[in-house]
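> for reference, the sequence and a predicted model appear below.
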Amino acid sequence: MEILNNHIKPVGKTHSMPAKSNKRKFVWDISSDLFCSVCGTCLDMDEQRLILNKLHIDCKPFSDHEIHMFMVQALYSENKVSRRLNSHLNHKYRCEISRFGNCTEDQFMAAWQDHVKSGHICGLYWVAVTHPGLAEKTINNVFGDVHMLSHLNGGKARQEKIEYDRLSYINAQLTARLRQEKKDRRELAKDLTASEKIRRNLENKLHNLEKRISADSEHSVQADTTINSCVEDSAQLTRALHQAENAWHEAQERVQKLEKEKEALQSDLWLQKEINVQLCSEIERLIRDNDCDQTDCSQNQCCRHLCDKRVLIVGGLTKLRSFYRDVVENLGADFEYHDGYLHSGERELEGLIKKSDIILCPVDCNSHGACLSVKKICSRINKPYKILSSSSLSSISQALTTVKRDPS
């Protein structure tokens, strides 16, 4: 950190609260209480590292937390880092600045409440902290909303981390089972090879006995006795051969059965790995995007703006059905599900749509017919629906958080 701090050389005034004016504030002019939340909310870690790289500051040896601490410290004065950060955010959120930068306080707070409901607060938060006309109380209220949203998103990330650990444990069990099945299959293959060897030996013995019988057929009574003995031996060997053949066929059937079980296990394992990768990616992204360094919050609130609503998900990954239910019910809504197959026609799907308030239809894991049916039925009976490009948990959660609370 000392190496990084050497790059913070003030080129202008150090931090102080500016006199009231009509010009937008610079980042080093805002309250230092807001520095941490501005860096954590308005910038992701890739952007923070990019800003330092453009200033030829080597940040590879440092952790995300150390980079974050350095960026916050840099905002206490006007310097090359704070100026670059200020310019970057003004460019990134230029549309929000143009739209809301000259709003009155009442107009701004109305827009802020709408953005809090949708979850898209980053750009408007930057407008708020640099707005010259907002009262300190208003900025504190905006800061409080940002703080509570960071706790909510962090809680969701921790829940998904727990689920990821559970799935990893199941995956390890499946891998161990598959390993045991492979071992059993090798043992059966050895038994089959031994049975085949016995069968060949018995065939050779039978062939030799038949040759002896043919050679001794012209002999005397002694030869007849020998023949009878050989016939009896041949019968015993034939029975033994039949038993060996039956054992061989049973072994073959068992091998085929194990092959089918192996294919099914491999398919389950592949799907489980895909789910694990998807969940891991989503968990890491949520933790990275929603990490909060502020720990002085004493309240635990939950956004349940879908109370008394019924949400229908059509399609998606069937194995994620229980997780879809958790996402929907955590938002206060009732959960309905349809797997997207229309074997019995549209009647069942139409019945679920009619009694639901919100319909979500991901297209990446769904039938083309189901997507068309959802659009047709919802348009006919005037039901709100969303066609999603992804069936991931984050896509479902993001779609639901954009739904506003019904005024009634």
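That came in fine, so what should we check first?
> assign Tyr337 to helix, strand or coil.
Assigned state for Tyr337: strand (three-state reduction, DSSP: H, G, I helix; E, B strand; the rest coil).
> thinking it is in contact with Ile313, fair?
Yes. Between Tyr337 and Ile313 there is a contact at 5.4 Å, judged by CB atoms under 8 Å. For the C-beta atoms, the positions are set from N, CA and C on the backbone; glycine is no exception.
> find the residues that touch each one of those two.
Tyr324 (CB atoms under 8 Å, 6 or more residues apart in numbering).
> between these two, tell me which one has more neighbours.
More crowded of Tyr337 and Ile313, by other CB atoms under 10 Å: Ile313, with 29 against 18.
> give me the sheet partners of the host helix or strand of the more buried one and which way each runs.
Counting by DSSP states H and E, the element that carries Ile313 is strand 310-314. Strand pairing for strand 310-314, using DSSP bridges, gives strand 334-338 (parallel), strand 358-362 (parallel).
> please state the offset of that strand from the chain centre?
20 Å (CA atoms, centre = their mean, to the nearest Å).
> use 3 as the first number from now on
Right, with 3 as the first residue, what we last looked at is strand 312-316.
> for that strand, C-alpha coordinates in PDB please.
What follows is strand 312-316 as a C-alpha-only set of coordinates in PDB (Å, rounded to 0.1, in the frame of the first residue of the first chain):
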ATOM      1  CA  ARG A 312     -48.000 -15.400  -8.800                       C
ATOM      2  CA  VAL A 313     -44.900 -15.900 -11.000                       C
ATOM      3  CA  LEU A 314     -44.900 -18.600 -13.800                       C
ATOM      4  CA  ILE A 315     -41.600 -19.800 -15.200                       C
ATOM      5  CA  VAL A 316     -41.900 -21.700 -18.600                       C
END
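> can you list contacts of it?
326, 330, 335-340, 342, 351, 354-355, 357-364, 368, 372, 376, 398, 402.
> of these, just the buried ones, ChimeraX syntax please.
Only the buried members of the contacts of strand 312-316 enter the following ChimeraX selection, criterion being 16 or more other CB atoms under 10 Å:
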select :326,330,335,336,337,338,339,340,342,351,354,355,358,359,360,361,362,363,364,368,372,376,398,402
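> can you list the weak-confidence ranges in the stretch 303-410 of the chain?
The model of the stretch 303-410 of the chain has pLDDT under 70 over residues 303-307, 406-410.
> biggest helix in the chain by residues?
Looking across the chain with DSSP state H, the single longest helix is helix 138-218.
> quick one: list the elements packing against that helix.
On a contact count with 3 or more CB pairs under 8 Å, 6 or more residues apart in numbering; DSSP states H and E, helix 138-218 meets helix 37-44, helix 107-120, helix 124-132, helix 223-292.
> if we go to 6 Å?
helix 223-292 (3 or more CB pairs under 6 Å, 6 or more residues apart in numbering; DSSP states H and E).
> the helix it packs on packs against which elements?
helix 138-218.
> pLDDT on the helix it packs on, on average?
On average, the pLDDT along helix 138-218 is 82.
> show me the shaky parts of the stretch 3-152 of the chain.
3-23.
> correct me if wrong: Ala372 contacts Gly342.
Yes. Using CB atoms under 6 Å, Ala372 makes contact with Gly342 at a distance of 3.9 Å.
> touching both of these two, which residues are there?
The contact sets of Ala372 and Gly342 overlap at Val316, Gly317 (CB atoms under 6 Å, 6 or more residues apart in numbering).
> re earlier: quick one, which of the strands paired with strand 312-316 is nearest to Pro63?
When the strands paired with strand 312-316 are compared by CB to CB, strand 360-364 sits nearest Pro63, at 41.3 Å.
> still on that earlier bit, need the strands paired with strand 312-316 in CSV (columns: distance to Asn230).
Converted to CSV, the strands paired with strand 312-316 look like this (distance: least, CB to CB, whole Å):
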stretch, distance to Asn230
strand 336-340, 76
strand 360-364, 79
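> of all the ones you listed, which lies closest to Asn81?
Taking CB to CB, strand 360-364 is the member of the strands paired with strand 312-316 nearest to Asn81, at 46.8 Å.
> got the CA coordinates for the closest one in PDB?
In PDB, the C-alpha atoms belonging to strand 360-364 read as follows (Å, rounded to 0.1, in the frame of the first residue of the first chain):
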ATOM      1  CA  ILE A 360     -46.000 -12.500 -14.300                       C
ATOM      2  CA  ILE A 361     -44.700 -15.000 -16.900                       C
ATOM      3  CA  LEU A 362     -41.000 -15.500 -17.500                       C
ATOM      4  CA  CYS A 363     -39.800 -17.600 -20.500                       C
ATOM      5  CA  PRO A 364     -36.100 -18.200 -21.000                       C
END
